[in-house]
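1. The sequence and its predicted three-dimensional model are supplied below.
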Amino acid sequence: MGVDLDLESISEATSGAIGSLLSTTILYPLDTCKTRYQAEVRGNDQARYKNLSDVFWEAISTRQVLSLYQGLETKNLQSFIAQFVYFYGYSYFKRLYLETSGSKSIGTRANLILAAAAGACTAIVTQPLDTASSRMQTSAFGKSKGLLKTLAEGTWIDAFDGLGISLLLTANPAIQYTVFDQLKQRLLEGKNKTGNSSSPVALSAFAAFALGAVSKTVATVLTYPAIRCKVMIQAAEDDNEKTKNARPKSSKTIPGVLCAIWKKEGILGFFKGLHAQILKTVLSSALLLMIKEKLSAATWVLLLSIRRYLLLTRGRLKDA
């Protein structure tokens, strides 16, 4: 049973990580535009970006289109590690819960707790990469630095900017994957009674995409104010602000960010860029879950084949 548990957890983690890598790369220019748009806190009259498309046109007008990909390597590394840790932890915790509780299914409350626990582990492990990625995306076009130089600009404490709010935002994937799993469970009800239990049942590509989009939309709307605060905390300093004064330390705190948004943009400022966030995260999550569902069955078969090969090899060595 222990071997099966590890195999299924690793299968889930691997397919999820590969899905994240592909979806992140495909949608990265949109992610950069979204992040730069969210990071700007100015009144409507002084704002550089009136709309999300203004970021894209700025890159074109300054001939810095490739800069929309600045920080891609760091983001991919962060996404791969984050999704592997998350899906492994989430799958492992779910199987462990079912074994210890003796239940045949996981309720909504238990699912939320397990997803949040996996999300907390992920946030702690990948926070420095997440912070570095946000700083690269919000740096002036063409002036982004490498991962090590970006992290070396501050202390290790600075590398964990936004960790508190990242832990709070574990509610986002917790809500997302709980909604996804509950909808998936209902959709696949009865399909698992075919008598073939050697591999998990997978959703169709369209169904996985649709459920991924719905679940991520729900999670994003509920947690968006915290998402924008996190981007602002992690954002690189504006070059114009550097020439005047060092960025106030209060702007790196949750109360400081909340106060800045309230003063300069009002209550609607807490939802500035919500449409961009939904567009990017829904597409990304839907692609991730679609790819993951398609890869999970193949990964499962591959891992079983490797396991059988290792067992056969071990048996031959013993006989020898």
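-> That came in fine, so what should we check first? Residues are numbered from 1 along each chain as shown.

2. Buried ones in stretch 110-124, by neighbour count?
-> Buried residues in stretch 110-124, counted by 16 or more other CB atoms under 10 Å: 110-116, 118-123. Just so you know, the C-beta spots here come from the backbone N, C-alpha and C atoms, and that holds for glycine as well.

3. Could you pull out the helices in the stretch 201-320 of the chain for me?
-> Taking DSSP state H, counting those that start in this stretch as the criterion, the stretch 201-320 of the chain carries its helices at 205-234, 239-244, 254-265, 274-319.

4. picking that back up, let's see which of the buried residues of stretch 110-124 end up in helices.
-> Residues of the buried residues of stretch 110-124 located in helices (DSSP state H): 110-116, 118-123.

5. Can you name the next helix or strand after whatever helix or strand residue 167 lives in?
-> Assigning secondary structure by DSSP states H and E places residue 167 in helix 163-168. Sequence-wise, the next helix or strand beyond helix 163-168 is helix 171-187, with elements assigned using DSSP H and E.

6. any residues touching that following helix, and which ones?
-> 86, 90, 105-106, 108, 111-113, 115-116, 118-119, 203, 207, 211-212, 214-216, 218-220, 222-223, 227, 285, 289 (CB atoms under 8 Å, 6 or more residues apart in numbering).

7. hmm, try it at 7 Å
-> For helix 171-187, the external contacting residues (CB atoms under 7 Å, 6 or more residues apart in numbering) are 86, 90, 108, 111-112, 115-116, 119, 203, 207, 211-212, 215-216, 218-219, 222-223, 285, 289.

8. before we move on, what about stretch 100-120?
-> Residues from elsewhere that reach stretch 100-120 (CB under 7 Å, 6+ apart): 86, 89-90, 93-94, 97-98, 167, 170-171, 173-174, 177-178, 181-182.

9. Are any of the residues you listed buried, and if so which?
-> 86, 89-90, 93-94, 170-171, 173-174, 177-178, 181-182.

10. and those, which two are the farthest apart?
-> Farthest pair in the buried ones among the contacts of stretch 100-120 (CB to CB) is 89 and 182. Separation: 19.1 Å.

11. what helix or strand is the nearest residue to residue 121 once chain neighbours are set aside on?
-> Leaving aside its sequence neighbours, residue 121 sits nearest to residue 89 (CB to CB, 6 or more residues apart in numbering; 5.2 Å). Using DSSP H and E, residue 89 sits in helix 72-101.
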